[in-house]
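*Asks:* Need coordinates for the following:
(one chain, ligands or ions: 1)
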Amino acid sequence: MEKQATKIHAALLASPGIGHLVPVLELGKRLVAQLDFQVTIFVVGAEASVLESQLQSFPNPNIFNVVSLPPVDISGLVDPNTSIVTKIIVMMRETIPSLRSEIFSLKLRPTVLIVDLFGTEALPLADEFNMLKYVLIASNAWFLAATIYFPTVDGKEEDEHMLQQKPLMISGCKPVRYEDTLEAFLDKNDELYAEYLRIGLEIPTADGILVNTWEDLEAETLASLRDDKLLGRVTRLPIYTIGPLVREMKSPDLESPVLNWLDKQPAESVIYVSFGSGGTLSAKQIAELAWGLELSKQRFIWVIRPPVENDVTAAYFSVGKESDGTPNYLPEGFLTRNSKLGLVIPDWAPQAEILRHPSVGGILSHCGWNSTTESIVNGVPMVAWPLYAEQKMNATMLTEDIGVAIRSKKLPCERTVERKEIEMLVRGVMVEKEGDKIRSRVKELKSSAEKALSRGGSSYNSLSRVAEDCEKSLQGLVEKAYGA
Ligand code: UDP
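*Replies:* Here you go, the predicted model:
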């Protein structure tokens, strides 16, 4: 019987949260555009409106099939006050049965399953269905290193980090200071600790790890992850650097008042202020930030959310669904006094388009990895203002290693940053001499990212190697089926 040429079908699983959805959609697009794969993306917990708004930025949203898995009710399974990450993990666990039946019902059985960090419990499905399995780390290689290394440390090392607050010494990589460490590594009695150890152990059970970074950005960490004498003894897997996974094309018809406003501003004169999809600030911090921006006398766009006390992740599951109208929690007269200099946008803004605009000259960011890569590919220097998850590690990497950001000496998530300091940081990145170095460094990295993504670049080639693996696996299955 004649063998048919079969298209490779990739199934991607995105965990809840826009910061997880964005890189998975972008990877899906690249698998289609560069490798001519058929792609099905399974999405957990994304409201139709949020999904739609993300897909709008794709030139052709029909290039892949998007399947929203049925919502799961986790209210009886977790304490309502538990961390966002624990909630995400439990949602992903509860979704596995419906993922299994969806994969089972697909006409063309996928050759490969790609899950993100919180989907590693679904990897055994790949074995059931004879698929290759990859984990997509939507963050950087240093975060991957910490995640897979931590479960391997002995009790003494663990106590030194968690109790004595010493840095976590990761073979061949920059140590993680205690104040930057992941929330999962803070308390052994929290369920997140056990969940994270499990994830760290499950990642190396895949056939490969795709990381949203590029070779030149994290050469040392990547070398360690691939060196059998260093972290390679834990990973034991091919590491494919395929980033930065950032939307490249401008949405053709995006009409937006904020972009129209930006069109009228001088080049590189506006600082964009945003805390990602979930970040929220206290009332006092919002007031100080407002005053700091005003004192800096710089043009600004500020994506603002109502104040929330003692929870920096409060908007995670509600963002992007509606705006709150004119904010009434800003200092009196702020909006009137700054009506010419700045824009305040409640809840959500077209960030990728804003950062691409030539009038933007800086970002004050929570250092989520998508916001970070979006800033770098547009050559936008940063004020780092980390809040939660791996953002503190990112802020340290951006200021100390990569040199594209400045930051406050103390962590903003642990105290209120005052207006004078904010004024200084904003002016530092936008107009002062100290900003020159980071402005030129970020432009260098912009070119290095473009090079990595272009044909023949390291990220382009990594993705081609994924295709080779899939082709080999598919070939093996076809030969088995035809008894070759
Ligand atoms: N984003 C956006 N508009 C906003 C806030 C965020 O488009 O007002 C997008 C942003 O461009 C990025 C993603 O949401 O692609 C946030 O991901 P990131 O990793 O930066 O942070 P997270 O939200 O996961 O903390």
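*Asks:* secondary structure class for S75?
*Replies:* Recorded secondary structure, S75: coil (DSSP: H, G, I helix; E, B strand; the rest coil).
*Asks:* Could you count how many residues lie near it?
*Replies:* Residues contacting S75 under the criterion other Cβ atoms under 10 Å number 7. From N, CA and C alone the C-beta is placed, and that goes for glycine too.
*Asks:* For it, give me phi and psi.
*Replies:* phi -60, psi -30 (degrees, to the nearest 10).
*Asks:* wait, what's in contact with whatever residue of the stretch 251-400 of the chain ends up closest to the ligand?
*Replies:* Distances between the stretch 251-400 of the chain and the ligand by Cβ to the nearest ligand atom are smallest at G368, namely 2.2 Å. By Cβ atoms under 8 Å, 6 or more residues apart in numbering, G368 lies in contact with 19, 276-277, 389, 391, 394.
*Asks:* In the stretch 251-400 of the chain, where is pLDDT below threshold?
*Replies:* 251-254, 316, 318-324 (pLDDT under 70).
*Asks:* so where do the helices sit in it?
*Replies:* For the stretch 251-400 of the chain, the helices defined by DSSP state H, counting those that start in this stretch cover 257-263, 283-296, 334-337, 351-356, 369-377, 391-396.
*Asks:* Quick check: what element follows the last one along the chain?
*Replies:* From helix 391-396 onward toward the C-terminus, using DSSP states H and E, the following helix or strand is strand 405-407.
*Asks:* For that following strand, list every residue counted as buried.
*Replies:* Across strand 405-407, burial judged by 16 or more other Cβ atoms under 10 Å covers 405-407.
*Asks:* Closest one of these to the ligand?
*Replies:* Among the buried residues of strand 405-407, and counting by Cβ to the nearest ligand atom, the member closest to the ligand is A405, at 13.7 Å.
*Asks:* Pretty sure the closest one sits against L398.
*Replies:* Yes. The pair A405 / L398 is scored as a contact, 4.0 Å apart, by Cβ atoms under 8 Å.
*Asks:* Quick one: name the residues of the stretch 301-450 of the chain near the ligand.
*Replies:* When proximity is defined as Cβ under 6 Å from any ligand atom, the stretch 301-450 of the chain approaches the ligand at 303, 348-349, 351-352, 368-371, 374.
*Asks:* Please tell me how far the closest residue to E94 other than its chain neighbours sits from the ligand.
*Replies:* Distances taken as Cβ to Cβ, 6 or more residues apart in numbering put V72 closest to E94, at 4.0 Å, once the chain neighbours are dropped. Here V72 is placed at a distance of 20 Å from the ligand (Cβ to the nearest ligand atom, to the nearest Å).
*Asks:* quick check, V72 in a strand?
*Replies:* No. V72 is assigned coil when assessed by three-state DSSP, not a strand.
*Asks:* Neighbours of it, how many?
*Replies:* V72 has 18 neighbours, counted by other Cβ under 10 Å.
*Asks:* For the ligand, see how far away K87 is.
*Replies:* On the measure of Cβ to the nearest ligand atom, K87 and the ligand end up 14 Å apart.
*Asks:* now the contacts of G368 as TSV including distance to V312 and neighbour count?
*Replies:* What follows is the contacts of G368, written out as TSV (distance: Cβ to Cβ, whole Å; neighbours: other Cβ atoms under 10 Å):
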residue	distance to V312	neighbour count
G19	14	19
G276	10	25
S277	12	25
A389	10	25
Q391	9	26
N394	15	27
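*Asks:* Number of residues surrounding L168?
*Replies:* 23.
*Asks:* That one touches P175, doesn't it?
*Replies:* Yes. Checked against Cβ under 8 Å, the pair L168 and P175 is within contact range at 6.0 Å.
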